[in-house]
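Q: Okay, predicted coordinates and the sequence, questions at the end:
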Amino acid sequence: MKTSRLCIYAKDISIITGKGIRSSQKLLKEIKTKLNKQSHQYVSLKEFAEYTGIEFELVTKSCW
């Protein structure tokens, strides 16, 4: 049985956007701020896709 992740990490964002890890960390922090999440809370793939405007299917395919 294959399991898939529900949350996205800075390294995934770096791969998807082609930007550096630090820029990806800043983007992740910006998303958390806009969604009123605390620092220990995760950002889901769906939330990332909605925020950036990238289709959900493209996000899931490019991460795994």
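A: Ah, there it is. Worth saying up front: this structure is predicted, and the values here are computed from it rather than measured.
Q: so where is the chain shaky, pLDDT-wise?
A: Along the chain, the model assigns pLDDT under 70 to residues 1-3, 64.
Q: where exactly do the helices run in it?
A: 10-17, 21-34, 45-52, 56-63 (DSSP state H).
Q: Of the ones you listed, which is nearest Ser4?
A: Ranking these by proximity to Ser4 (Cβ to Cβ) places helix 56-63 first, at 7.4 Å. Yep, even glycine has a C-beta here, placed from its N, CA and C like the rest.
Q: Check which residues of the closest one are buried.
A: Val59, Cys63 (16 or more other Cβ atoms under 10 Å).
Q: For it, give me every contacting residue.
A: Ser4, Arg5, Ile8, Asp12, Ile15, Ile16, Leu45, Lys46, Phe48, Ala49 (Cβ atoms under 8 Å, 6 or more residues apart in numbering).
Q: Correct me if wrong: Val43 contacts Leu35.
A: Yes - the pair Val43 / Leu35 is scored as a contact, 7.2 Å apart, by Cβ atoms under 8 Å.
Q: Those two: who's more crowded?
A: Val43 (20 against 13; other Cβ atoms under 10 Å).
Q: what about the most centrally placed residue in the chain, distance to Thr52?
A: Closest residue to the average C-alpha location of the chain: Ile8 at 4.0 Å, with Cα atoms, centre = their mean. Going from Ile8 to Thr52 by Cβ to Cβ, to the nearest Å gives 10 Å.
Q: and what of Tyr42?
A: 16 Å.
Q: Tally up the residues packed near the spatially closest residue to Gln38 that is not a sequence neighbour, please.
A: In space, and not counting its chain neighbours, Gln38 is closest to Lys32: 7.8 Å by Cβ to Cβ, 6 or more residues apart in numbering. Using other Cβ under 10 Å, Lys32 has 17 other residues around it.
Q: neighbouring contacts of stretch 17-35?
A: 8-11, 13-14, 38-39, 41, 43, 47-48, 51-52.
Q: Any of these buried? List them.
A: Applying 16+ other Cβ under 10 Å to the contacts of stretch 17-35 flags Ile8, Ala10, Ile13, Ser14, Val43, Glu47, Phe48 as buried.
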